[in-house]
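Undergrad: Sequence first, then the predicted structure, then my questions.
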Amino acid sequence: MTKRSYVAKSARLGYLPNECPSFGKLLLYALQQFLVMFPATVTVALLTGFDVPTTIFASGFSTLCVLLITRGQIPLYYGSSFSYITAIVAITSATVGEVASTELVGEAQFGIVISGLVSIVAGILVKLFGRKVIDKVLPPSITGSISLLIGLSLAVSALTPAIGYDATSGVTNGAEFATGLVTLFSCVLFSVYLKKGVLGQLPILFGITIGYVLAICLGLVDFSFFTDSQIVIVPRFSLPIPNWMAVAAIMPIALATIPESTAHLYQLDIYVNDLAKREGKPRIDMAGKLGLSLVGDGMGDIISGMMGGPAGTNYGENVSTMAITKNFSSYVLGVTAIFAMAISFFKPITGLVQSVPTAVIDGACIYLFGVIAAQGIAIMVNQKVDFFNPRNLAVIATVLIIGIGGTFGFDNGMIPVFGYQFPAIATASIFGILLNLLLGIAFKKKGKDEGKGLDKEKTAEQPATMAVVGDDEVVPSQTPKAQ
């Protein structure tokens, strides 16, 4: 990691990636990040037939390795990705809550390991040819709309459990409704009014704690994990088993996760540099580290897949928590990863964390998922995307409608086309990328008369400004036409 910078106690707004809080604060901040990532990571394991303790360990170990690979420059946590669920289940034939056979899990692992090469190759191309290459393929109109889509697509998965709604019976559980609502308001109020000091860095942890206490009072917490005499457990580690059909099923999903990872990094770029500006610190070129970030993504998948964990992604929930708390310390995420690895061996602790009712976690997630969506808007506003440009409108509109319509209109968010099923968010992302490239070719063929005339007129009305891109590189900022 980069040289550690300890932060003085006096009036700090937050922590930049290379800044390390004191030991006690470090543990509290890491616990908060762990609670945010835990539910989604465990859910993927339960749905795909992977061993839960192994998944938790793999999540922490891959995060720690990626932090070391990137020298702590990119504060991201790697958890299990929902995008791969359908492809993996097709291999493991998993029944919810039951661990699949070692052989089937091993075949899925092979597909995950090989698919990690996709992100690595993409990262190497970015490092070789520069960020301009990826910006042409993934301009802010796409990364912003994909981030917005990701947040909105998670809305139902957060809201339904948070209010205790049972879709089968059509009944809402009053105790769960109250718990989810109190947790939500607690997280929001703490994040708005606790702006300074240690308390200002822990709004999500405080909100979840209040929700958990209320859940205990309302009888929603199952304490049966206390009666289990088994304390130490060993994750079920396994090696990949070569299966090229698994590669064919899983690898295409890896292509679609690249826009998601890019959007998360661009979100970090905005919020980290806002904090740096407020504290009078030099600008940090987070977006310029995209190549390194994509290599880290691929390595995370390979590491997780080699030991028996599902395919991963850097978590928007953790990015949202960092944005809310202004705590971007890579050391916090490193300790979070160590928490995950240690906890995977202790059944009482995993039982305690799993005892937190879904109404509590998803009450907080209403806020967190909403922040993911809002960050998508922030990307487009920050990069001055012209919403009156028909090319931008076409890309944003189709990405949102295909993604949202596919997520909520079909079972498991899979769009059926001629007997095949395609993940909604992945399909929307790839469609948006291809449409943007095709429209780019069409715009060039128009020539100066039609295609550039309007651009010149707009440029005259809105002259370009200068923006810092790297540590010492200054280039004209994007004008509204350049999407």
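TA: Looks like it arrived, so ask away.
Undergrad: if I read this right, residue 262 contacts residue 138, doesn't it?
TA: Yes. Between residue 262 and residue 138 there is a contact under Cβ atoms under 8 Å: 5.2 Å. (Glycine included, C-beta is placed from N, CA and C.)
Undergrad: With neighbour numbers in mind, choose between the two.
TA: For residue 262 versus residue 138, the count of surrounding residues by other Cβ atoms under 10 Å is larger for residue 262: 26 against 22.
Undergrad: Next one, pLDDT for that one please.
TA: On pLDDT, residue 262 comes in at 82.
Undergrad: mind listing what it touches?
TA: Residue 262 makes contact with 134, 138, 143, 290, 294, according to Cβ atoms under 8 Å, 6 or more residues apart in numbering.
Undergrad: for residue 279, same thing?
TA: Going by Cβ under 8 Å, 6+ apart, residue 279 touches 12, 13, 14, 16.
Undergrad: would JSON lines of those residues with distance to residue 255, neighbour count and pLDDT be doable?
TA: Below are the contacts of residue 279 laid out as JSON lines (distance: Cβ to Cβ, whole Å; neighbours: other Cβ atoms under 10 Å; pLDDT from 0 to 100):
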{"residue": "12", "distance to residue 255": "40", "neighbour count": "18", "pLDDT": "71"}
{"residue": "13", "distance to residue 255": "38", "neighbour count": "14", "pLDDT": "81"}
{"residue": "14", "distance to residue 255": "34", "neighbour count": "22", "pLDDT": "88"}
{"residue": "16", "distance to residue 255": "32", "neighbour count": "21", "pLDDT": "94"}
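Undergrad: Next, format these as TSV and append secondary structure and distance to residue 406.
TA: Output for the contacts of residue 279, formatted as TSV (DSSP: H, G, I helix; E, B strand; the rest coil; distance: Cβ to Cβ, whole Å):
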residue	secondary structure	distance to residue 406
12	coil	43
13	coil	39
14	coil	37
16	coil	38
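Undergrad: Would you map the strands across the stretch 301-450 of the chain?
TA: Remark: strands assigned in the stretch 301-450 of the chain by DSSP state E, counting those that start in this stretch are 312-314, 414-417, 420-423.
Undergrad: Now do the shortest one: everything it contacts.
TA: By Cβ under 8 Å, 6+ apart, the list of residues contacting strand 312-314 from outside reads 58-59, 62, 76-81, 83, 257, 260-261, 264, 293, 297, 300-301, 304.
Undergrad: Which strands border that strand, and is each parallel or antiparallel?
TA: Strand pairing for strand 312-314, determined by DSSP bridges: strand 78-80 (antiparallel).
Undergrad: For the strand it pairs with, report the contacting residues that lie outside it.
TA: The contact list for strand 78-80 (Cβ under 8 Å, 6+ apart) reads 37, 40-41, 43-45, 50, 55, 59, 62-63, 66, 297, 300, 304, 309-315, 317-318.
Undergrad: try 6 Å this time
TA: Under the contact criterion Cβ atoms under 6 Å, 6 or more residues apart in numbering, strand 78-80 has outside partners 37, 40-41, 44, 55, 59, 62-63, 300, 310, 312, 314-315.
Undergrad: Who wins on neighbours among those?
TA: Neighbour-wise, those (other Cβ under 10 Å) top out at residue 59, 33 neighbours.
Undergrad: hang on, that residue packs against residue 341?
TA: No. The pair residue 59 / residue 341 is not scored as a contact, 8.6 Å apart, by Cβ atoms under 6 Å.
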